Each structure stands twice: as C-alpha cells, then as structure tokens.
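Undergrad: for reference, the sequence and a predicted model appear below.
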Amino acid sequence: MLYFAVIGSSWRADRSIISYGASHQNTNHARIHFPNEGRNKVLAIAEKEIGVQEDHENSGARVDTYNAYVGLKKVPWCASFVSWVFGQAGYTKPRTAWSPALFPGNRLAKNPLAGMVLGVYFPELKRIAHCGIIAGVRGDWIESVEGNTSKNGSREGTGVFRRTRHKRTIRCYADWL
C-alpha cells in the first residue's frame, strides 16, 4: 500500500513540473507545462497579451480586436479576451462577450487546470461577471491571465494582467479543450 502512495505522489509531482519559458527568464512567474498541447497553446497566447491596455474605456487597438472577434464594440471585454485567445489557438468556441455564457453545464470542471476558464461571481449582479484563463494552480491559489481587469482585481479594469486568486473567490471552472 505504501508503494502505491509513493508512486502516486511522484506522479503528481511530475505533472506539476515547473519550467521557465524564454519570455519568463527574468520574472518570478513560472509556466506550468501540461501534457495537453492545447492547454499550453492557449496559455502561451494569453500570456503574450499581458500588458495590453485600454486607450479609452473598453477600447483601444488590441481591446477592439478582442471585441471585434465576438462581433461587438466598446463593451466590457473579459469574455471577449478569453474567446479571442481560444480563437487564436485554433478553437471555434467559446465565442462570446457574455461571461456567464462561458460556463454551460457540459463544460463545467471540478478541478482547475491551466488553460481552463475561471468564473468570478458578483452577488450584486447575481451572476458570473468576470472571467479569466487559468495559468497555474498552487495549493489553494489560482494564477490567471485576465482581460478587463487591473492590478487590484477590478472586473472593469484597464488591461490584461496576471492575477492570483484564492480558490474560494472563484465560482466555477470551464474546460473548453
């Protein structure tokens, strides 16, 4: 029995191997590589967008590109960003600017993995009102790349940022891969 516990533990450690990509050599952020190439591709595309900023509220060269991908202009764009990233990775879905639409029952996942979509619930709106792409999981913490947020975590932010959120602040996860 102990033999299986050791093997199981070492397998888990192997799945969470951390390697630093060329774009992360001088940062404290590590990329977690998973066997699923789709997850790695989605994450790589999302990470390249970190630093994109609005020029005006819900608009700017890149922000307009995200919203145009879903057929809209100057709307809150966290879901447009997620959809655009998946589109750039070669997936036709999701394709929406409405964050609740990213979480249909057949896509919900219990355990978060890199490349999945996270949904944040806002009680005052009584719905999921913000989303992002999971970059990694570290214990009870989720690292993500999110559009239309800020360093402080606003759902109506000004750019694409890397965020760290506690699992209990995340309502659900969706797996589109």
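TA: On my side now, so go ahead.
Undergrad: use CA for all of it now, contacts and neighbours both
TA: OK.
Undergrad: buried ones in stretch 156-174?
TA: By neighbour count on 16 or more other C-alpha atoms under 10 Å, the buried set for stretch 156-174 is 156-164, 167, 170, 172-174.
Undergrad: hey, which helix or strand in the protein has the poorest pLDDT?
TA: strand 18-19 (a mean of 25; mean pLDDT, DSSP states H and E).
Undergrad: which SS state does the most centrally placed residue in the chain fall under?
TA: The centroid of the chain falls nearest to Ile133 when counting by C-alpha atoms, centre = their mean (0.6 Å). Following DSSP: H, G, I helix; E, B strand; the rest coil, Ile133 is assigned to strand.
Undergrad: likewise for the one 10 residues further on?
TA: Under the three-state scheme (three-state DSSP), Glu143 adopts strand.
Undergrad: show me what contacts the nearest residue in space to it that is not next to it in sequence?
TA: Of all residues not flanking Glu143 in the chain, Thr164 sits nearest, at 4.5 Å (C-alpha to C-alpha, 6 or more residues apart in numbering). Contacts for Thr164 were tallied using C-alpha atoms under 8 Å, 6 or more residues apart in numbering; they are Trp141, Ile142, Glu143, Ser144.
Undergrad: so what's the last one bridging to?
TA: As for beta bridges, Ser144 partners with Ile134, Arg163 under DSSP bridges.
Undergrad: which residues in this protein form strands?
TA: Ranges of strands in the chain, per DSSP state E, are 18-19, 31-32, 108-109, 117-122, 127-138, 141-149, 159-166, 172-174.
Undergrad: pLDDT of the second one, averaged?
TA: So the one you mean is strand 31-32. The average pLDDT for strand 31-32 rounds to 46.
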